[in-house]
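# what's the 3D shape of this:
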Amino acid sequence: MKLKILFSGMTACLLASGVSAQSEPQKPTYEHKLYEANGNYYLQRSMPVYLKFSVTPDGKNYPLRSKRNPEDADPMYLDAEGVHYIRHKWAVDPNTGKPVSPKRETQMELYADGVAPRTSLKFQNAPRYTRGGTTYFGKNLSFVLTPRDAVSGVAETQYAVDGGYAVYNGDVSVGSEGAKKLFYYSADNVGNVEDTRSSEFTVDLSAPTSSHTIDGIVHNSNILAPSTRFKLSSDDNLSGVRITRYSFDAGSDRNFAGSISMAGLQDGEHTLYYYAEDNVDNTAQKQTFKFYLDRIPPVTDASIVGDRYDGNVTYVSARTKFNVSATDNKAGVKNIYYRINEGELNTFTGNFNLPDTYGRYSIKHDANDNVDNLSSNKYLNVFMDNKKPQTRINYGKPQFFDRDTLFVNKDTKITLPRSDQGSGIKKTEYSLDGGPYQDYSEFTIPAEGFHTIKFRSTDNVNNVENEKESEVFVDNTPPEIFVNFSIKPIGERRGMKVYPNYVRMFIGATDQHTGTETILYSINDGPMSLYSSPQTLDASERNLFQRNKKYTVKVVAKDKLGNTAEKTIEFLVGPDED
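Okay, the predicted model is just below:
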């Protein structure tokens, strides 16, 4: 007769408890059960065991009881984890019915399993960062659940994240951003269920945002000064910014640390690139800002408006104005400055004059542009000539002064000597008797009578002398010659008067304006003699006259200006009277 021992288990249920009703989804229920695998029987340890036997393979089952301790055997409970044995001493050889030799027990294994599996969690494939008790993961996050069970083995593992529970079948990707709470557990093959485990973390899939500010001088939003600096600010709403980087143009990336200077950049167009990375390696696309770095200051130029003469120095007048202009390559001119002889600094707003004081002046000028590039100093050196020329009048010879009147004649040369301390004489003009002014060169006055001469000079910066005036009388009329004889003619022959040889001839001259200066005479082409006082010319006494002889007497009279009159007298000397 064969003995068959059978066992059966009573059904039991275990409800999994959640971490919190608000966050953990409903957990499935699991029954305590018997599990057979590989010829082994696994029994949830708290289940009752009923032992039965049969004497045929398919015969009737008979309960197996204990008379000594009936309460321990119907049902029986297993007291510990792992394998249990139903034993019989001693094993019997079924062919002989005798105990086998050497002796051994007959052992039938039954496995008790009252311990739930234990599941471990591993995150992988994503950057990880922890701050303030919160763990952040970046892109490509997945997790692996590894359950372990010592006896009956793991029946299944379930997890829940962003939804209800699902059976775990391998790596699970977490593809959405935000705060997460992962719930997971495992159940073994006899219905032991692991207490729910959980892990809180945050998935950060978004790159930081960055912006720039301009600290310093900027014109028209994108023209910058050399002193201007950039500041970058970056923000990340989850794991936080790890680093911000920047570069200029095609340069390499640099770590941002406070502010960015323009050092090393040339004048011209540039591009600032910048971006940020967060603590789980999310990298933002590069931001760009195109700008023009204006390092070139304006260029100034001073010009003279009005009176100017370039000699050994540049002369100007009190009427001269000055203009300062400036050009700039990019930002444009902001202010133009000038200073006269190290005096007060002035902002140029319009043409200006120098002080009306004779002497040298230096005008320093510079300018800044709209990003405060300041030009180097430039200088315009000039000489202020505010003094008028001086002109005199000179009368040459002949001239005669009498009764507050200057007398000249048509041959008297008139000159206008002039002088100037500064820029020099540009022109001298004169006007005769109220007529129009004409350019000066040495001149005479042909017309007789009183004349008024007005004259003036202008220097090379157009300082005009106050008009001057001179009066003169032009005397072109020679003296009038008078010849008288002491006796009337005694006759007339060949159209000439005849005088006796004792005749006396008297010479005289009168001048209307300046008076007679000299009287000269000659007889019959003889030498000229000075008629200095009235004399009687007695030809007979001088034994000059002869009978029937013709005499020619030439008389020349000059006034005090050299105006000359001539007169010739022809007569005959007759025979002596008896």
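# what about residue 466, distance to residue 454?
11 Å (C-beta to C-beta, to the nearest Å). All C-beta atoms are positioned from the backbone trio N, CA, C, and that covers glycine.
# quick one: which of those two has more around it?
Per other C-beta atoms under 10 Å, whichever of residue 466 and residue 454 has more neighbours is residue 454, with 16 against 8.
# Counting neighbours, what do you get for the residue nearest to the more buried one when sequence neighbours are not counted?
Setting aside the residues directly before and after it, residue 454 is nearest to residue 431 in space (C-beta to C-beta, 6 or more residues apart in numbering), at 4.4 Å. When neighbours are defined as other C-beta under 10 Å, residue 431 has 16 of them.
# Kindly report the same for residue 424.
Counted with other C-beta under 10 Å, the neighbours of residue 424 add up to 17.
# ditto for the one 10 residues further on
The burial count assigned to residue 434 is 7, neighbours taken as other C-beta under 10 Å.
# what about the residue nearest to residue 454, is that helix, strand or coil?
strand (DSSP: H, G, I helix; E, B strand; the rest coil).
# Touching, it and residue 468? I think so.
No - with contacts counted by C-beta atoms under 8 Å, residue 431 stays clear of residue 468, the gap being 10.8 Å.
# list residues touching both of the two?
454, 455 (C-beta atoms under 8 Å, 6 or more residues apart in numbering).
# my read: residue 383 touches residue 313, true?
Yes - counting by C-beta under 8 Å, residue 383 does reach residue 313; the two are 4.7 Å apart.
# tell me the pLDDT at the residue nearest to residue 454?
Looking at residue 431, its pLDDT stands at 98.
# need the contact list for it.
Residue 431 neighbours (C-beta under 8 Å, 6+ apart): 437, 438, 453, 454, 455.
# The third one should be in a strand, yeah?
Same thing as residue 453. Yes - judged by three-state DSSP, residue 453 forms part of a strand.
# these two touch, right, it and residue 414?
Yes - contact between residue 453 and residue 414 holds when scored by C-beta under 8 Å: they sit 7.2 Å apart.
# neighbour count winner among the two?
Regarding residue 453 and residue 414, a neighbour count based on other C-beta under 10 Å identifies residue 414 as having more, with 22 against 19.
# Contact partners for residue 424?
309, 311, 459, 460.
# Which one among those sits at the bottom for pLDDT?
For the contacts of residue 424, the pLDDT minimum is residue 311, 93.
# ok, back up a step: from the contacts of residue 424, keep the buried residues only.
309, 459, 460 (16 or more other C-beta atoms under 10 Å).
# of all the residues you listed, which comes closest to residue 520?
For residue 520, the nearest member of the buried ones among the contacts of residue 424 is residue 459. The distance, counting by C-beta to C-beta, is 50.1 Å.
# show me the contacts for the closest one.
By C-beta under 8 Å, 6+ apart, the contact set of residue 459 is 309, 385, 388, 389, 420, 422, 423, 424, 425, 426.
# Looking at the residues you listed, state which has the most neighbours.
residue 385 leads the contacts of residue 459 on contacts (other C-beta under 10 Å) with 27 neighbours.
# Quickly note the distance from it to residue 363.
Relative to residue 363, residue 385 is positioned 16 Å away (C-beta to C-beta).
# now do residue 566
71 Å.
# Which of the two has more residues huddled nearby?
Between residue 566 and residue 363, residue 363 has the larger neighbour count (other C-beta under 10 Å), namely 19 against 11.
# which parts of the host helix or strand of that one are buried?
Assessed by DSSP states H and E, residue 363 sits inside strand 359-369. For strand 359-369, a neighbour-count test (16+ other C-beta under 10 Å) marks 361, 363, 364, 365, 366, 367, 368, 369 as buried.
# Put together a markdown table for the residues you listed, with distance to residue 221 and pLDDT on each row.
Below are the buried residues of strand 359-369 laid out as a markdown table (distance: C-beta to C-beta, whole Å; pLDDT from 0 to 100):
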| residue | distance to residue 221 | pLDDT |
| --- | --- | --- |
| 361 | 42 | 98 |
| 363 | 36 | 98 |
| 364 | 34 | 98 |
| 365 | 30 | 98 |
| 366 | 27 | 98 |
| 367 | 23 | 98 |
| 368 | 19 | 97 |
| 369 | 16 | 97 |
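# out of these, who's nearest residue 245?
For the buried residues of strand 359-369, the nearest to residue 245 is residue 369 (31.9 Å; C-beta to C-beta).
# show me what contacts the closest residue to residue 329 other than its chain neighbours?
Among residues not flanking residue 329 along the chain, residue 296 sits closest, at 4.8 Å (C-beta to C-beta, 6+ apart). Residues near residue 296 by C-beta under 8 Å, 6+ apart: 267, 328, 329, 330, 373.
# likewise residue 499?
485, 487, 489, 490, 571, 572, 573, 574 are the contacts of residue 499 under C-beta under 8 Å, 6+ apart.
# For it, report the pLDDT, please.
pLDDT, residue 499: 89.
# For it, what are phi and psi?
phi -120, psi 150 (degrees, to the nearest 10).
# same deal with the one 4 residues further on?
Backbone dihedrals for residue 503, given as degrees, to the nearest 10, come out at phi -60, psi 150.
# Is it in contact with residue 573, as I believe?
Yes - counting by C-beta under 8 Å, residue 573 is a contact partner of residue 503 at 7.5 Å.
# Can you pull the domain assignment for the chain?
Split into domains by automatic domain parsing, the chain comes to 1-201, 209-293, 300-384, 390-474, 480-573.
# on that earlier part again, among the contacts of residue 296, which are located in strands?
Of the contacts of residue 296, none are assigned to strands by DSSP state E.
# Which secondary structure state is assigned to residue 71?
helix.
# Next, work out how far apart it and residue 424 are.
Distance of residue 71 to residue 424, given as C-beta to C-beta: 149 Å.
# what do you get for residue 87?
For residue 87 relative to residue 424 (C-beta to C-beta), the value is 147 Å.
# which phi and psi does residue 181 have?
Note on residue 181: backbone dihedrals following degrees, to the nearest 10 are phi -140, psi 110.
# which residues does it contact?
Counting by C-beta under 8 Å, 6+ apart, residue 181 has contacts 23, 161, 198, 199, 200.
# what's around the nearest residue to it once chain neighbours are set aside, how many residues?
Once flanking residues are discounted, residue 181 sits nearest to residue 200: 5.0 Å by C-beta to C-beta, 6+ apart. By other C-beta under 10 Å, 12 other residues sit near residue 200.
# Residue 200: which element?
Residue 200 belongs to strand 197-203, assigned by DSSP H and E.
# Direction included, what does that strand pair up with?
Strands adjacent to strand 197-203 in the sheet, as given by DSSP bridges, are strand 134-137 (parallel), strand 178-188 (antiparallel).
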